[in-house]
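>>> I'll drop the sequence and a predicted model, then ask my questions.
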Amino acid sequence: MSATTTDDRRLTVPAVVGVVCVLGAASLALAAFAIPAMAEPGGSSDVHLPLAILAFVLAAAVSEIVSVPLMHGGDKEDLTFFEIVTVAGILVLDPAWAVVAPLVGLAIVQVVLRIPPKKIAFNLGSYAAATVAAVMSYLAITGGAERFSLRGVLALIVAMTVFTIVNTLLLAAILRAAEGISVRAFVADVWGLSLLMTIGSIGVGAVAVAVAPVSVWLLPFTLMPAMALWYAYRSTSQRAEERERNRWLVTLSGTLTAEHPMPALLADASQAIRSAFGAGAVLVVLPADDDLTTMFPASDGVVPVPLTRLPEGWGSAVSIGLELGEGRRGTLLLGDSADARRPWAIKPTDEAVLTTVAASLGSAIRSAERHKALVEESSKLKAVVENASDGIAVLSGSGRVRLWSPAMARITGVTETGATAMLVALPEAVTAIVGMALVDGVVIGQGPAEVTPRNLTIVRPDGETRDVSITVVRARANADGEPVAILTLHDVTSQARADRLKSDFVATISHELRTPITPIKGYAQLLLARGDAMTPEKRKAAYELIADRADHLGRLVEDLLMASRASGTLGSKLATAPQGHDLRTIVSAAIESFPAIASRIQLTQPETAVPVWCDSVRSVQILSNLLSNALKYSPEGTPIEVHLPESEFGDTHSVITVTDHGCGLAAGDTERVFERFYRVEDSMTMRTSGSGLGLYIARELAVAMGGSLTVTSQPGQGSTFIVRLPRTEAASAAARPASAPAPAPSVPFARTA
Amino acid sequence: MSRILIVDDEFSVRALLRDVLELEDYEVSEAEDGPSALASMAEQRPDLVLLDIMMPGMSGIDVLAQVRADAGLRDVPVVLLTAAGDDDTTWAGWTTGASLYLNKPFDHMNLLEWVERLLAEKSSVLQSAS
């Protein structure tokens, strides 16, 4: 390919065309003034002027048609016999007509051939400038000498050289603007051919002019050198074309063997094929292009495409099938646009080359597809590794970490860089994990291919511990034949915590159930065995205790049932039947269920009704749980304050606060107290007799009714629990979690105490 | 008659134990937590202690440890009563020096048999020592 320039001073194509037109017009104007003043060469022929002018116009037109296409870079230029006509014109015609006649012929033929106006303008401008320069140099050098004297012939040679130089430079200028081909490269490329053309033009033109007066019948023989010249042109042109094509074929083979992504491959290959075969357009139809594949079925060998099936805007084309493997086929179309000067057709000698090119292109497309699939596959894998919530690591047979996923880094607190560091610098968490993986020999290629998950507690660099479950699976050996294992790490810390809470709960609940059962069973047995020995008062007290403890046991079981109905994090499944109430009534009902501590409860509430939209039984239960909690966690005799603030205009919820003066909660406990089975104190020295469910149930109920339950606390000073319940049905609907079911009739399992 | 101290934070359990023991003419006293139990023991020197494990503030195991560390109380039989029933607590009870370990709910006849036996053993030890 010709050297391209990225010179920013490069003119645009319209600018060059404009300059050339101005130059042509200026040349013509100069000629109009200067030529009449110059001496004409002696011995001019006495030709019949109008007839001769007409002949020259025709000759110029014909010379333009009989052209030889010549490749330059990606562009096609036509070499014409226009110069022969120019030479003859200089020798035969009046100098002014020698300039005008060929230009007129050229203009006519270009218009008839429907060449784009821009191109016509350039051609006329450049030929006008070149012709004027040639004619004037000729006249200046001959200085009135004989046409066929030595001076006359030398003048002709100089004139035509000037013509060629001007023409070549202007062509170089437009090619530089249009294709970015450097002027130097273009001149280096064409000077030989141009010189040959100049000499040939003089030979044919001058000899024809010299022979004509002697014998018009010998004139056809002067065309013999013209024919020879034409063939010389053509073979030179063909050699240049061949060279050009070879360059493109080399480029093409580079493109086809390199690993390009599909779009780049198709673009580069299309450009190279187009240039190598001198086609105006190339189209690659792949099986993915559904519509096009039916229109251009893959053919065997090179087949001309019927005019009716050409792609839009195309004037000619041939098609050739592409083998894409697995029975899939595509089509390569080569052709030219409908605007082209002549229909494009493949040379028979090129068909074999094109067949080879098509085969190579097919396999290049296949490998590009494979490459694309590979890239897609690996990016999918990458996405899996990067987004998995479980940590993923790849270990080599020597136990080195080859991959350490983001989740792995998150769980262990060690980045990939840290995990792939030198063995001595590995953080403890990594050595613990890798060590666990190495134990079974999965990694080093011995032992089972997969081991069941193992649990491990790791210590992160920041000191935090995590409970993890590790699974190791042997993978296919890497390219070096080294065994590779994939390790997945599941963070079970929260699960382990839940398990601990659960087992704490089992211990707690068994204690809580056995405690009331002890007096029930004990008194029942005692009454059976020794009832007669007991006083009536003692017996009555025993029966009362049995009833009371059985009642307590019943409540405990209710709490458990309700806790199991509530779902924890995904919204409450507790059914509630909300209605409009006065919150004061609900608070009174709750306080009445604690007659023993009525004196400790200090209630402050407004004079007027506090509207609330709630299930009254559930709301009483929330408050009862809060009062019972306050009772458990505050010293005897301290007040428990229940407060209903005056509601303000615009409030969506009504509020009740329950404040105790107990031990309060540590900052970290203010949310955890609402967890299922969570108890603030150690279960061994448990201070309370609760199940660890009261606050959990209270919050679940509040949320189920579209409200909330929170706590604020000062350690050592007490806690304030804040219940918010919707004032109206609308507020309730707006606040209720989306997953909560529509209110259903209350199920009678609520405590009635 | 032998004096027995009942230590339990649960009123109903204390009431039951008192009724069971008083019907057999034992002299019964009560404490509802660890510190008051230790105070009561130091003062009254009971012949036997029925001690609950899970109590607020100070567990029965802690109380037992202090009893065994006290030269004056070291030989008092202590029966641990618990509703926990897990191995760790049982083991802690035995290693701390419990004379007997009974799970709640207990059989009152069984309890009385053990109380009688422990008191008899204690008196035989005392007799042989004297």
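Right, received. Where do you want to start? Computed from a prediction, not measured in an experiment: that's the story for all the values here. Numbers count the residues shown, from 1 in each chain, chains lettered A, B, ... in the order given.
>>> Might you enumerate the residues of the stretch 401-550 of chain A proximal to chain B?
A:507, A:510-523, A:525-526, A:529-530, A:533-534, A:538, A:541-542, A:545, A:548-549 (Cβ under 8 Å from any Cβ of the partner chain). Using the backbone N, CA and C atoms, a C-beta is placed for each residue, glycine as well.
>>> out of the residues you listed, which are buried?
Buried members of those, counted by 16 or more other Cβ atoms under 10 Å in any protein chain shown: A:507, A:511-523, A:525-526, A:530, A:534, A:538, A:542, A:545, A:549.
>>> what does chain B have sitting close to chain A?
Counting by Cβ under 8 Å from any Cβ, chain B sits next to chain A at B:10, B:12-13, B:15-17, B:19-20, B:23, B:54-59, B:61-62, B:83-86, B:89, B:103-109.
>>> Wait, B:I4 touches B:E27, no?
Yes - counting by Cβ atoms under 8 Å, B:I4 does reach B:E27; the two are 7.0 Å apart.
>>> Tell me which of those two has more neighbours.
B:I4 (24 against 14; other Cβ atoms under 10 Å in any protein chain shown).
>>> OK, contacts around that one?
B:I4 sits next to B:L21, B:Y26, B:E27, B:V28, B:S29, B:P46, B:D47, B:L48, B:V49, B:L50, B:V115 when contact means Cβ atoms under 8 Å, 6 or more residues apart in numbering or on different chains.
>>> where along chain B do the helices fall?
For chain B, the helices defined by DSSP state H occupy B:11-23, B:34-44, B:60-69, B:87-96, B:108-129.
>>> Now do the last one against helix B:11-23, angle only.
Our comparison of helix B:108-129 with helix B:11-23, counting by axes from the mean of the first three to the mean of the last three Cα atoms, to 10 degrees, yields an angle of 60 degrees.
>>> and if you look at the third one?
In terms of direction (the same axes, to 10 degrees), helix B:60-69 departs from helix B:11-23 by 50 degrees.
>>> Over to the second one?
The directions of helix B:34-44 and helix B:11-23 differ by 20 degrees, with the same axes, to 10 degrees as the criterion.
>>> pLDDT weak spots in chain B?
Along chain B, the parts satisfying pLDDT under 70 run over B:84-86, B:125-130.
>>> can you rerun that using 50?
B:129-130 (pLDDT under 50).
>>> Quickly run through the sheet partners of the host helix or strand of A:T471, with directions.
Assessed by DSSP states H and E, A:T471 sits inside strand A:465-475. If you go by DSSP bridges, strand A:465-475 pairs up with strand A:450-459 (antiparallel), strand A:484-491 (antiparallel).
>>> Now the residue of the stretch 451-600 of chain A found nearest chain B, what are its backbone angles?
Closest to chain B within the stretch 451-600 of chain A is A:R514: 3.5 Å, counting by Cβ to the nearest Cβ. Dihedral pair for A:R514: phi -70, psi -30, per degrees, to the nearest 10.
>>> Now do the same contact list for it.
A:R514 neighbours (Cβ under 8 Å, 6+ apart): B:A83, B:G85, B:N103, B:K104, B:P105.
>>> again, 7 Å this time
Going by Cβ atoms under 7 Å, 6 or more residues apart in numbering or on different chains, A:R514 touches B:A83, B:K104, B:P105.
>>> now swap in A:G152 and tell me
A:P41, A:T142, A:A145, A:E146.
>>> What's the local residue count around A:A317?
27.
>>> close enough to count as contact, it and A:L307?
No - counting by Cβ atoms under 7 Å, A:A317 stays clear of A:L307, with 9.3 Å between them.
>>> circling back: could you dump the helices of chain B into TSV and include mean neighbour count?
Conversion of the helices of chain B to TSV gives the following (neighbours: other Cβ atoms under 10 Å in any protein chain shown):
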stretch	mean neighbour count
helix B:11-23	21
helix B:34-44	16
helix B:60-69	20
helix B:87-96	15
helix B:108-129	14
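>>> got those helices as a markdown table, with distance to A:L30 columns?
Below are the helices of chain B laid out as a markdown table (distance: least, Cβ to Cβ, whole Å):
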| stretch | distance to A:L30 |
| --- | --- |
| helix B:11-23 | 131 |
| helix B:34-44 | 127 |
| helix B:60-69 | 124 |
| helix B:87-96 | 118 |
| helix B:108-129 | 139 |
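>>> by contact count, what packs against the helix or strand hosting A:S378?
Element membership for A:S378 (DSSP H and E) is helix A:350-387. Helix A:350-387 is packed against helix A:219-257, helix A:262-276, strand A:314-323, strand A:329-337, with contacts defined by 3 or more Cβ pairs under 7 Å, 6 or more residues apart in numbering or on different chains; DSSP states H and E.
>>> Quick one: work out the angle between it and helix A:262-276.
170 degrees.
>>> Downstream of helix A:350-387, the next helix or strand is which one?
Heading C-terminal from helix A:350-387 (DSSP H and E), you reach strand A:391-396.
>>> CA-only coordinates of that following strand in CSV, if you can.
Provided in CSV are the C-alpha atoms of strand A:391-396 (Å, rounded to 0.1, in the frame of the first residue of the first chain):
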residue,chain,number,x,y,z
GLY,A,391,-15.5,-17.4,47.7
ILE,A,392,-13.7,-19.2,44.8
ALA,A,393,-10.0,-20.0,44.6
VAL,A,394,-7.9,-22.0,42.2
LEU,A,395,-4.9,-23.8,43.7
SER,A,396,-2.0,-25.3,41.8
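>>> Parallel or antiparallel, list what pairs with that strand.
Strand A:391-396 has these strand partners (DSSP bridges): strand A:401-404 (antiparallel), strand A:484-491 (antiparallel).
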